[in-house]
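Visitor: got a predicted model here, sequence first, then my questions.
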Amino acid sequence: MLKFLKLHACGNDFLIFFKLKKINLLKKYLNKKTGISCDQLFIIKSINYKIKFINIKIYNNNLIEAKNCGNGIRCLSWFFLLKLKKFIFVNFILNKNNIYSWKNGKKHFTTFKTPIINNKIIFRFETKFFNACFVNLLNLHIIFIIRNILSKNIILLKKKILFYFNDTYNIEFIQIIKINVIFIRIFEKNIGETYSCGSGIISSCCYIKKFCLFKKNIYINSLGGNCLIFFIKNFVIINGKVNFCFFGYI
């Protein structure tokens, strides 16, 4: 039997397995109607307690390998730092990239290098024009600033992007509510709309910090909840609540 646990952050939910070798064994369990389901699947490949390194792999719920997952990594941070209390800080190794997390009291923080931000572009959709930007945070994002996060045009625009880019990018739509407060809707690659996405939130905040000149902490509201982003030199840090769902066996 395989032991696993399920965690979620802002409704973005994850299954975590330890040292699972045959990933295809899980296919029948990931069905949203008949299985336990998740947005992403995490495999803990190895743990080095001495130097505090944890080697991980991430898969979408269709078992296609994912290159990054900000909310999932901060869920793992919560589990190792606050639930198990094994570390004060920890480094996650994902495809030869290091992602650093630490705790301060009952709070935990996850740090990413500031992503590569390409020049701002203007995207035309029928008679309307949208400010947009491409961002690379290990995985690829295209981000739009819009006036109404509930607009029906979001779905039509998303379909147009998929037509031209063939589901290559995670797509984020952000509405600036006021200075340093935004609302975000996220359509993840190979998944569709999700309640939240950590890497999408981080990429969007880096975009608006650069082009909208936000200077302080940024508070993000999504369909699944809220979190906080702040910046220190060349790093971006995410903090927010993580929820434990259950342990299980298959």
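Guide: That came through, no problem.
Visitor: pretty sure L25 sits in a strand.
Guide: No - with DSSP: H, G, I helix; E, B strand; the rest coil as the criterion, L25 is located in helix rather than a strand.
Visitor: excluding chain neighbours, what is closest to the spatially most central residue of the chain?
Guide: When the chain is reduced to its mean C-alpha position, the closest residue under Cα atoms, centre = their mean turns out to be G198, at 2.6 Å. Excluding the flanking residues, the one nearest G198 by Cβ to Cβ, 6 or more residues apart in numbering is G70, at 2.2 Å. (Glycine included, C-beta is placed from N, CA and C.)
Visitor: quick one: that neighbour and S101 touch, right?
Guide: No - with the criterion set as Cβ atoms under 8 Å, G70 and S101 do not qualify as a contacting pair; they are 11.1 Å apart.
Visitor: of those two, give the one with the bigger neighbour count.
Guide: Neighbours of G70 and S101, each counted by other Cβ atoms under 10 Å, are more numerous for G70; the result is 27 against 24.
Visitor: check the gap between the residue of the chain most remote from its centre and Q40 for me.
Guide: Here the chain reaches farthest from its C-alpha mean at T127, the gap being 32.0 Å by Cα atoms, centre = their mean. From T127 over to Q40 the distance is 37 Å, taken as Cβ to Cβ, to the nearest Å.
Visitor: and N12, by the same measure?
Guide: N12 is 8 Å from Q40, where distance means Cβ to Cβ.
Visitor: please enumerate the shared neighbours of these two.
Guide: When contacts are counted by Cβ atoms under 8 Å, 6 or more residues apart in numbering, the set common to N12 and Q40 consists of G72.
Visitor: more neighbours, those two?
Guide: Neighbour comparison, N12 and Q40: the larger count goes to N12, with 29 against 23 (by other Cβ under 10 Å).
Visitor: quick one: contacts for that one?
Guide: The neighbours of N12, taking Cβ under 8 Å, 6+ apart as the test, are 39-40, 71-72, 194-198, 224.
Visitor: got TSV for these, with distance to R185 and pLDDT too?
Guide: Below are the contacts of N12 laid out as TSV (distance: Cβ to Cβ, whole Å; pLDDT from 0 to 100):
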residue	distance to R185	pLDDT
D39	15	90
Q40	18	92
N71	15	96
G72	19	95
T194	9	91
Y195	10	94
S196	10	94
C197	10	94
G198	15	95
G224	11	94
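Visitor: which one (most neighbours) among those?
Guide: Among the contacts of N12, C197 has the most neighbours (other Cβ under 10 Å), with 35 neighbours.
Visitor: how about that one, nearest residue that isn't a chain neighbour?
Guide: Take C197 and drop its neighbours on the chain: the residue closest to it by Cβ to Cβ, 6+ apart is I186, 4.3 Å away.
Visitor: wait, doesn't the one you found sit right on Y169?
Guide: No - counting by Cβ under 8 Å, no contact exists between I186 and Y169, whose distance comes to 11.3 Å.
Visitor: these two - which one has more neighbours?
Guide: I186 (27 against 20).
Visitor: check for me that the more buried one belongs to a strand.
Guide: Yes - judged by three-state DSSP, I186 forms part of a strand.
Visitor: list the contacts for it?
Guide: 170-173, 193-194, 196-197, 200-201, 222.
Visitor: try I202
Guide: So, once contact is read as Cβ under 8 Å, 6+ apart, I202 ends up touching 70, 112, 115, 137, 229, 236, 238.
Visitor: got the buried residues for the helix or strand hosting it?
Guide: Using DSSP states H and E, the element containing I202 is helix 198-211. Residues of helix 198-211 classed as buried under the neighbour-count rule (16 or more other Cβ atoms under 10 Å) are 198-209.
Visitor: helix or strand right after that helix?
Guide: Reading on from helix 198-211 to the C-terminus, the next helix or strand found by DSSP H and E is strand 218-222.
Visitor: what mean pLDDT does the helix or strand just after that next one have?
Guide: Per DSSP H and E, strand 218-222 leads on to strand 225-232 as the next helix or strand towards the C-terminus. Averaged across strand 225-232, the pLDDT comes to 94.
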